[in-house]
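Colleague: got a predicted structure plus its sequence, pasted below:
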Amino acid sequence: MNLMDTVSPSKKEAVIIINPASGAGSKQRVEEMIRIHLDEGKYHYRIVYTERPCHATEISRQAARDKVAMIVTVGGDGSLNEVAKGIIGSNTALGIIPAGSGNGLAHHLQIPFRISKAIEVINQCKIKKIDTIRINGELCISIAGVGFDALVAKEYEKAKKRGFQTYFKIILKEYVNYKPKKYKITVDGEKYKEKALFISFANSNQFGYNASIAPHAEVDDGLIDVCIIRKVPLARVVFLANLMFLKKIDQSSDITILKGKEISLSRKKGKIVNIDGEHVKLQKDLIIKVDPLSLNVIVP
C-alpha cells in the first residue's frame, strides 16, 4: 500500500528511521521525545528501527517512491549516508536527530543536539539543498578519506564501545607505527605528488566532535575541500588537535587544503576509504566528484 493513501491532505508524511546500533544513547528515549515533541498537526509519521546493514536505504528509497515528504534519521553520519542513498535526487527531505558518535554533518549544519530542540527544527521544516560527493560512484554526504583516517575508521568499527574516548585510544595505538603513503592527486587538472598521513575529501567542515579538518568547507559551494595532512612527531599532535578544535588547522604548515570539483587520486597501497565514518573497500585509483545541490536537508 502506498504510504500516502491513509494520510490527511493537510499533513505531511514522515518516516522516522532509528538505527539502534548508532552512538551510545537510549533510542527508546528518543522515541518517547518524538512522540512528545513532533508536531502531529503537521506530520503523520511512523517509526521504523533498522534491522540490518542497508535497511535504511531500502526504507528511504521506497518512501521516496511513495513521495513521502520527509525521512528523519536518528543516528550518525553512517546512518545519514544510508538514508541519503535512498532519497538523493528526489523531493524527499532529510531530517536529522543526532544520535551517532561523531555527527559531523549535524555539527556543520548546527543541528541542536538536545533532542527536543532537534525536533523543533524538524517542526519548522526549513529545507536547504546541499552538495554530495561521489567516490568511484559511492555516495558521501559529509567527509571521506584515505590513509590513517581510513585505518582509524576500520578499527573503530571493530570496537565494542563507541564515543570519543574510543577514537582517541585507536589514534594513540596506531599513530606511532603508521607509515605515511605516497599519493598522486589531480585537482581540476592540477597535478600534485604528496606523502601524507591521510587525505580527506570534505563536503562539511569536520569529522565530528567539532574537530574541523576543513574550516572553510561549505556544503553548498559546489566544491570539495581536499585536505592533505602530513605526519608530525607525536609531540606536535596535541598542537594540531587544538588547532582542529579551534577551526584553525589550515594555519599549520603541516596541512595543505585544495578546492576542486573533480579529483583523481592514485595510491600504490591500500584499498580502504573512510566514507562518512564507515570503512569501504574500493579500487586503488579513485575519482571523486561533487554532485551540486543534490540532497534536501532540514536545517535550523
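Modeller: Happy to help now that I have it. Predicted model only: the values in this text are computed from it and were never measured.

Colleague: using CSV, write out every CA atom in the lengthiest strand in the chain.
Modeller: In the chain, assigned by DSSP state E, the strand with the most residues is strand 286-299. Taking Å, rounded to 0.1, in the frame of the first residue of the first chain, the C-alpha atoms of strand 286-299 are listed here in CSV:
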residue,chain,number,x,y,z
LEU,A,286,39.8,7.0,-7.0
ILE,A,287,37.7,9.5,-8.9
ILE,A,288,36.0,12.0,-6.6
LYS,A,289,33.3,14.3,-7.9
VAL,A,290,30.9,16.8,-6.4
ASP,A,291,27.2,16.5,-7.2
PRO,A,292,25.9,20.0,-6.6
LEU,A,293,22.7,20.7,-4.5
SER,A,294,21.6,17.1,-4.8
LEU,A,295,20.1,16.5,-1.4
ASN,A,296,17.4,18.2,0.5
VAL,A,297,18.1,18.6,4.3
ILE,A,298,16.1,20.2,7.0
VAL,A,299,18.2,22.9,8.8
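
Colleague: could you say what helices and strands that strand packs with?
Modeller: Packed against strand 286-299 by the contact rule (3 or more Cβ pairs under 8 Å, 6 or more residues apart in numbering; DSSP states H and E) you find helix 77-87, strand 93-98, helix 115-124, strand 126-135, strand 262-267. In this view, the C-beta of every residue, glycine as well, is placed from N, C-alpha and C.

Colleague: parallel or antiparallel, which strands does that strand pair with?
Modeller: Taking DSSP bridges as the criterion, strand 286-299 forms sheet pairs with strand 93-98 (parallel), strand 126-135 (antiparallel), strand 262-267 (antiparallel).

Colleague: any idea which of the ones you listed is most buried?
Modeller: strand 93-98 (a mean of 26; mean count of other Cβ atoms under 10 Å).

Colleague: so where's this protein uncertain?
Modeller: Within the chain, the stretches with pLDDT under 70 are 1-10, 22-27.

Colleague: how does it divide up, domain by domain?
Modeller: The chain resolves into domains spanning 3-124, 138-292 when parsed by automatic domain parsing.

Colleague: format these as JSON lines; extra columns: distance to residue 300.
Modeller: Below are the domains of the chain laid out as JSON lines (distance: least, Cβ to Cβ, whole Å):
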{"stretch": "domain 3-124", "distance to residue 300": "5"}
{"stretch": "domain 138-292", "distance to residue 300": "14"}
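
Colleague: which of these sits closest to residue 130?
Modeller: Residue 130 sits nearest to domain 138-292 of all the domains of the chain, at 4.1 Å, using Cβ to Cβ.

Colleague: chain center to that closest one, what's the gap?
Modeller: 13 Å (Cα atoms, centre = their mean, to the nearest Å).

Colleague: distance between the ends of that domain?
Modeller: 15 Å (Cα to Cα, to the nearest Å).

Colleague: what about residue 106, which SS state?
Modeller: Of the three states, residue 106 takes helix under DSSP: H, G, I helix; E, B strand; the rest coil.

Colleague: what is the burial count for it?
Modeller: For residue 106, the neighbour count with other Cβ atoms under 10 Å is 24.

Colleague: apart from its neighbours in sequence, what residue is nearest it?
Modeller: Nearest non-adjacent residue to residue 106, counting by Cβ to Cβ, 6 or more residues apart in numbering: residue 98, 4.0 Å away.

Colleague: that neighbour contacts residue 117, correct?
Modeller: No: assessed by Cβ atoms under 8 Å, residue 98 is found out of contact with residue 117, at 10.4 Å.

Colleague: could the helices and strands packed on strand 286-299 go into CSV alongside distance to residue 203?
Modeller: Formatted as CSV, the helices and strands packed on strand 286-299 follow (distance: least, Cβ to Cβ, whole Å):
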stretch, distance to residue 203
helix 77-87, 11
strand 93-98, 14
helix 115-124, 20
strand 126-135, 5
strand 262-267, 12
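
Colleague: ok, which of those comes nearest residue 28?
Modeller: Closest among the helices and strands packed on strand 286-299, using Cβ to Cβ: helix 115-124, at 12.0 Å.

Colleague: now do the closest one: which elements does it pack against?
Modeller: Going by 3+ Cβ pairs under 8 Å, 6+ apart, helix 115-124 lies up against helix 27-37, strand 93-98, strand 286-299.

Colleague: same thing but at 7 Å, please
Modeller: Helices and strands touching helix 115-124, as assessed by 3 or more Cβ pairs under 7 Å, 6 or more residues apart in numbering; DSSP states H and E, comprise helix 27-37, strand 93-98.
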